[in-house]
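*Asks:* Quick one, what's the 3D model for this:
(one chain, ligands or ions: 1)
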Amino acid sequence: MSMYLADIGVKCPNCGVKFNSRQLPLVVDTGLRNSELRQHVGETKPQYEQYSICTCPSCGMADWTLSFPATDEVCVLNQPNSPPHLQYRQAALWAEKQGKNFYGVGMFYLYAAWCADDINASPQNREYRRLAIDALHKSLIDVSCPMEERPDVEYLIGELTRRVGDFEACKNYFNRVISRLPARLSTMARKSMKLADMQSTELFDFD
Ligand SMILES: [Zn+2]
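*Replies:* I've put the predicted structure just below:
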C-alpha cells in the first residue's frame, strides 16, 4: 500500500502564521486493530499517524493536523521536520498547559508511543505509554473522556499497563474493571491478563 501525500497550506490558530503542511488526505479504515486498538495498514511502516500531527514553525504550537484550518494563500514557510513522536509529545505538553482535557493529553501520548515504536525510539515509547496511562486515568475522573470512548479507554489503561511491563498492576486493574467491560473488550482483557501471567509485553491482534 502506498500513501498519497499532499502539501496543504494551513494557518496556525494560535499565531496566525501560514505554512505548508504534509497531509494524508485519505485514510482508509481497514477495520483491523491490534491489542492497543491501533489500526493496521497492511505492512506499511511508519503508518498514517505521522501525518495526523502538525507543528507551527513560528510559535511551536502542536496539535492534530485537522486543527489547523487550510488556506489558499501561497505559503513560504514549511512545517518543521521534527520526528512525529516529539511533535505528539509537544502537543501533549501544549494541551496540558491549556487546561484539564486529560483525554486529549492521553491520546497525544498514545500516538507519541506508536510513532516512537515506528522508529524504534526506546525508552521514549515506554515513557509515553506511562504518561498516556496517567492521563487516561485522569480523563475518566474529570470526564473529559467522551462517554462512547469510555469502555475502550478503560480497557486500554490495562493493556498499556501490561505493555510497559507492570504485569501485577495490569492484572489487579483488569480484575477491578473487567466485569463492566463489553464482551469484545473483556475477551481482550482476559487475553492480556494471560500474557501478563507469562510476563509478556507482546502486542496481539484484536478480534
Ligand atoms: Zn503558530
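*Asks:* what about the nearest residue to Gln90 once chain neighbours are set aside, how many neighbours?
*Replies:* Spatially, and ignoring its direct neighbours in sequence, Gln90 is nearest to Ala62 (4.0 Å; CB to CB, 6 or more residues apart in numbering). C-betas here are computed from N, CA, C, even on glycine. Residues lying near Ala62 (other CB atoms under 10 Å) number 24.
*Asks:* swap in the one 4 residues further on?
*Replies:* A total of 11 residues lie near Leu66 under the criterion other CB under 10 Å.
*Asks:* Contacts only, for it.
*Replies:* Ser52 (CB atoms under 8 Å, 6 or more residues apart in numbering).
*Asks:* at 7 Å instead, please
*Replies:* With contact set as CB atoms under 7 Å, 6 or more residues apart in numbering, Leu66 has no partners.
*Asks:* didn't Val38 look like it was pressed against Tyr111?
*Replies:* Quick fix: residue 38 is Arg, not Val. No - between Arg38 and Tyr111 there is no contact under CB atoms under 7 Å: 9.0 Å.
*Asks:* between the two, who's got more neighbours?
*Replies:* Neighbours of Arg38 and Tyr111, each counted by other CB under 10 Å, are more numerous for Tyr111; the result is 25 against 18.
*Asks:* Not including adjacent chain positions, what is the nearest residue to that one?
*Replies:* Spatial nearest neighbour of Tyr111, excluding adjacent residues (CB to CB, 6+ apart): Tyr88 at 4.8 Å.
*Asks:* what do you get for Val10?
*Replies:* Of all residues not flanking Val10 in the chain, Phe68 sits nearest, at 3.8 Å (CB to CB, 6+ apart).
*Asks:* Kindly report the same for Asp72.
*Replies:* Computed as CB to CB, 6+ apart, the closest residue to Asp72 that is not its neighbour in sequence is Gly9, at 7.0 Å.
*Asks:* After the host helix or strand of the one you found, which helix or strand is next?
*Replies:* Gly9 is part of strand 6-11 when elements are defined by DSSP states H and E. As assigned by DSSP H and E, the chain's next helix or strand after strand 6-11 is strand 18-23.
*Asks:* Please, where are all the strands along this protein?
*Replies:* Taking DSSP state E, the strands of the chain run over residues 6-11, 18-23, 53-55, 62-64, 77-78.
*Asks:* Go through those and pick out the most buried.
*Replies:* Comparing the strands of the chain by mean neighbour count (mean count of other CB atoms under 10 Å), strand 53-55 comes out on top with a mean of 26.
*Asks:* Run the contact check for it versus the ion.
*Replies:* No - residues of strand 53-55 are not located near the ion by CB under 5 Å from the ion, the shortest gap being 8.8 Å.
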